[in-house]
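Student: My questions are about this predicted structure, shown below with the sequence.
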Amino acid sequence: MRLKEIEEKCDAETLKRIQTRREELHMTQSKLATLLGFTSRSSVNRVETGSLPLSKKNIGKWAVALQTTPEYLLHI
């Protein structure tokens, strides 16, 4: 998947899928933050709410932490 394609697909639906998938796994924001290497859950919260841009080059890392694929998160 090309970076340009990822940038175009990272939208509100992607953020919703991240939150939904985390909840499906009964995972707290704190646990996801730990898996992603963040120091606080607020970074996950800010990504889920759209106030912090999702790092497109790290979509694979998010997918692994959420036990899914980048394609699912990006709905492609």
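Tutor: Here it is on my side, so go on. Note that the structure is predicted; figures quoted are calculated from it, not measured.

Student: and the host helix or strand of L15, how far from the chain's centre?
Tutor: Using DSSP states H and E, L15 falls within helix 12-24. Here helix 12-24 is found 7 Å from its chain centre; the criterion is CA atoms, centre = their mean, to the nearest Å.

Student: Point out where the protein drops to low pLDDT.
Tutor: Scanning the chain for pLDDT under 70 picks out the ranges 1-10.

Student: the helices in it, which residues?
Tutor: Remark: helices assigned in the chain by DSSP state H are 3-9, 12-24, 29-36, 41-49, 59-65, 70-73.

Student: Report all helices and strands that the fifth one contacts.
Tutor: With contacts defined as 3 or more CB pairs under 8 Å, 6 or more residues apart in numbering; DSSP states H and E, the packing partners of helix 59-65 are helix 29-36, helix 70-73. To be clear about C-beta, it is placed using only N, CA and C from the backbone, and glycine gets the same treatment.

Student: Let's have those in a markdown table, adding mean neighbour count and distance to V64.
Tutor: A markdown table is the format used below for those (neighbours: other CB atoms under 10 Å; distance: least, CB to CB, whole Å):
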| stretch | mean neighbour count | distance to V64 |
| --- | --- | --- |
| helix 29-36 | 17 | 8 |
| helix 70-73 | 17 | 9 |
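
Student: Of those, give the one that comes closest to E23.
Tutor: With CB to CB as the measure, helix 29-36 is the member of the helices and strands packed on helix 59-65 nearest E23 (10.1 Å).

Student: that older thread, okay if I get the helices and strands packed on helix 59-65 as a markdown table plus distance to T20?
Tutor: Shown next, in a markdown table, are the helices and strands packed on helix 59-65 (distance: least, CB to CB, whole Å):
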| stretch | distance to T20 |
| --- | --- |
| helix 29-36 | 13 |
| helix 70-73 | 10 |
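
Student: Indicate which one of those is closest to S55.
Tutor: helix 29-36 (9.8 Å).

Student: Between helix 12-24 and the closest one, find me the angle.
Tutor: Helix 29-36 runs at 110 degrees relative to helix 12-24, counting by axes from the mean of the first three to the mean of the last three CA atoms, to 10 degrees.
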